[in-house]
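Visitor: can't give you the sequence, but here's the structure:
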């Protein structure tokens, strides 16, 4: 039995492609700012990359949930979005 239909897979592939390209652009901009302008906004370069990857992954998950790529039509997207927002708030408080 196929868990997801072709439309949902297409949405995930599409936004995965956009997320990957935006990650490449963000890493390139971070490199340019660090190399040519000697600007470092994180404690270390590794931390900067981890933060950029986290932001991109969070945006990808949020867009996929909003565009109904992970839930069936009878599932409640609003409940999943509320849980995601609660988790983000809990992570920021720690």
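Guide: Right, received. Where do you want to start? Since this is a predicted model, take the numbers as computed values, not measurements. Numbering: from 1, shown residues only.
Visitor: contact partners for residue 33?
Guide: Going by CB atoms under 8 Å, 6 or more residues apart in numbering, residue 33 touches 39, 41. C-beta: built from backbone N, CA, C; applies to glycine.
Visitor: how much space between it and residue 52?
Guide: 12 Å (CB to CB, to the nearest Å).
Visitor: then residue 31?
Guide: 11 Å.
Visitor: what about these two, which has more around it?
Guide: Comparing residue 31 with residue 52 by other CB atoms under 10 Å, the one with more neighbours is residue 52, at 17 against 13.
Visitor: the most centrally placed residue in the chain: what's it in contact with?
Guide: In the chain, the centroid-proximal residue (CA atoms, centre = their mean) is residue 57; its distance is 2.3 Å. By CB under 8 Å, 6+ apart, residue 57 lies in contact with residue 19.
Visitor: neighbours around residue 56, how many?
Guide: Residue 56, neighbours per other CB under 10 Å, totals 20.
Visitor: pretty sure it is touching residue 25, no?
Guide: No. Using CB atoms under 8 Å, residue 56 makes no contact with residue 25, being 9.9 Å away.
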